[in-house]
Every structure is written in C-alpha cells, then in structure tokens.
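Give me coordinates for this.
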Amino acid sequence: MHIDLNCDMGESFGVYGLGRDEEIIDSVSSISIACGFHAGDPHVMARTVRLARERGVAVGAHPGLPDLMGFGRRDMACSPEEVADFLTYQIGALQAFCVAEGVALCHVKPHGALYNRAAQDERLVRAMAGAIARIDRNLLLVGLAGRDNRRMAGIAAEEGIAMVFEAFPDRAYTPECALVSRRQPGAVIHDPDIAALRALRMVMDKTVEAIDGTVVPLSARTFCIHGDNSHGVALAAAIRQRMEAAGIKVRPMRPI
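Residues are numbered from 1 along each chain as shown. Next up, the predicted model:
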C-alpha cells in the first residue's frame, strides 16, 4: 500500500514570501510549483525546481488563472480554449526550468478556481487534458477526488493522458464529497493529529468524515498538504509519520 504526499510550492513573488517550502519539502514526495499566473515568478520557479532536485522529490506544474491579486481563487469567465492556452503557457515555462535543472516534469495540478471548476466541468477537463497531451502524454493530470472520478478519468483517457485523484486531509468535506468553502468556519484543519488520522482513514478505508458527521466514500492516490496553512510543516510531518507507522509507503505519483 502506498500514497503520494504533495504540496503546492513556489508561491512567493518578488519580495513577498509565502509558505515554508524548505521545511515542508522533507515530508512530501511531490511538489506542484506555481507558474507565475496566480503566484510565483521566474526566480522563484528556478529556485523551487532546484530545491526539488536537491531533495529528490517529484515536480509538477501548478497553473492557475491570470489572477495574481486574487491568488487564483476568484473564478473568471474564460472559455475552455483560453484555459488550454493558459495551461500550455505555464507548463511550458516550468518545463524549461526543469530541463535546465535536469529534472523530469511529472504532473499538472490546476490551482484554485481552475481546479474547482474542473471538478464539475467536463468540457474544461477535456480542454485541459488535450492541452497537456499535446505537450507530453506522460504527464499526469491531478484532480479532486469525488463521485465523478470514473467519468473524469475517462475523459482524460480519451484525450490521451492519465488522471490522478487527490484528497485533502487538512480540509473539511461536504456530504457531497466536495471541499467546504474557505469562507465557512472549520473549512481548514489546523490540528496535525486530526489531519493525520483523517489521512490514515482515507488510505485504509477509502472514506472521509464530512463536516456533518456522515461518512463519505473517497478514493485518492495523492494527498495535498497546503503550504500556506500556518501549521503546514507540522501537518506534513505528522501525516508522513502516521503513514510510515502504518506500513504505508510514501512515494511519488510516478517514479522519478
């Protein structure tokens, strides 16, 4: 039994720092690097790819909507074709840094509003999968684990790539297996022990307890720990320790 632990990184910009990348990276097996649209800049991207190479973790692109002021969490009226171009632009930028550092690009994980839209919009998933396939069919598309996994994975496969589904031990879930809005109390879990126990249950039982106490089926191959969570370092360490203590191997979504 195994699971990937991933973290969104490289989200600093210019003189503004965000996250504790150099601390949290030792607890994860994959990272998703911001590509400049919602966060990050060329210098941060280069530095984060280099950090991943030094620490031996897998690298993915974390493209978002062109919404730097809103951190990519505000939805925008973009067509699927526009989103495909946004992804191509951002993946290409990060891929260049990966080539320069001798690092393989392994996955693409959309960010924020784009990620949430993709969980419900089949046309958008098809557009994103098609754009990724035209760049590199070995890249994995990461999406929100939920009730539509099979249908979304089928759409990605029709476009020529594989899709991997992700769960969030540090986020609350609705009974419909969606993430609770960050605007609601209790949406983000800060206690490392609670998050680690939720992660273990997700692996062993393939379920999650929703915010109303109901138990919801949930199947995922990767867990995200939010680097912008003030308790992110402790959360990542606790989840990794809990996995390894239970005999669950922590390894990337695909070999690097």
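
how about residue 162, phi and psi?
Dihedral angles of residue 162 (phi, psi; degrees, to the nearest 10) stand at phi -100, psi 150.

Tell me if I'm right that it and residue 143 touch.
No: here residue 162 does not reach residue 143: they are 11.1 Å apart, not a contact under C-beta atoms under 8 Å. Any C-beta I mention is one placed from the backbone N, CA and C, and that applies to glycine too.

Those two: which has the busier surroundings?
Neighbours were counted for residue 162 and for residue 143 using other C-beta atoms under 10 Å; residue 143 has more, 23 against 16.

quick one: contacts for the more buried one?
When contacts are counted by C-beta atoms under 8 Å, 6 or more residues apart in numbering, residue 143 touches 110, 115, 118-119, 125, 152, 163-166.

Is it possible to mark the buried ones in those residues?
By neighbour count, with 16 or more other C-beta atoms under 10 Å, the contacts of residue 143 hold 110, 115, 118-119, 125, 152, 163-166 as buried.

that older thread, give me the subset of the contacts of residue 143 that lies in strands.
Those of the contacts of residue 143 mapping onto strands are 163-166, per DSSP state E.

any idea which of the residues you listed is closest to residue 22?
residue 166 (23.1 Å; C-beta to C-beta).

which non-adjacent residue is nearest the closest one?
Leaving aside its chain neighbours, residue 166 sits nearest to residue 222 (4.9 Å; criterion: C-beta to C-beta, 6 or more residues apart in numbering).

And residue 92, by the same measure?
Residue 92's closest residue in space is residue 135 (C-beta to C-beta, 6+ apart), at 7.2 Å.

Am I right that that neighbour is in contact with residue 94?
No: in this structure, residue 135 is not within contact of residue 94 by C-beta under 8 Å, at 10.8 Å.

give me phi/psi at the most centrally placed residue in the chain?
Against the mean C-alpha coordinate of the chain, by C-alpha atoms, centre = their mean, the closest residue is residue 109 at 5.0 Å. With angles defined as degrees, to the nearest 10, residue 109 shows backbone torsions of phi -120, psi 110.

Now do the same contact list for it.
If you count contacts by C-beta under 8 Å, 6+ apart, then residue 109 has 6, 8, 32, 60-62, 115, 141-142, 166 around it.

Could I get the phi/psi values of the closest residue to it other than its chain neighbours?
Spatial nearest neighbour of residue 109, chain neighbours left out: residue 142 (3.8 Å); criterion: C-beta to C-beta, 6+ apart. Note on residue 142: its backbone torsions stand at phi -100, psi 130 [degrees, to the nearest 10].

Please determine how far residue 46 is located from residue 35.
Per C-beta to C-beta, to the nearest Å, residue 46 is found 12 Å from residue 35.

Check residue 187 too.
Counting by C-beta to C-beta - residue 187 and residue 35 are separated by 26 Å.
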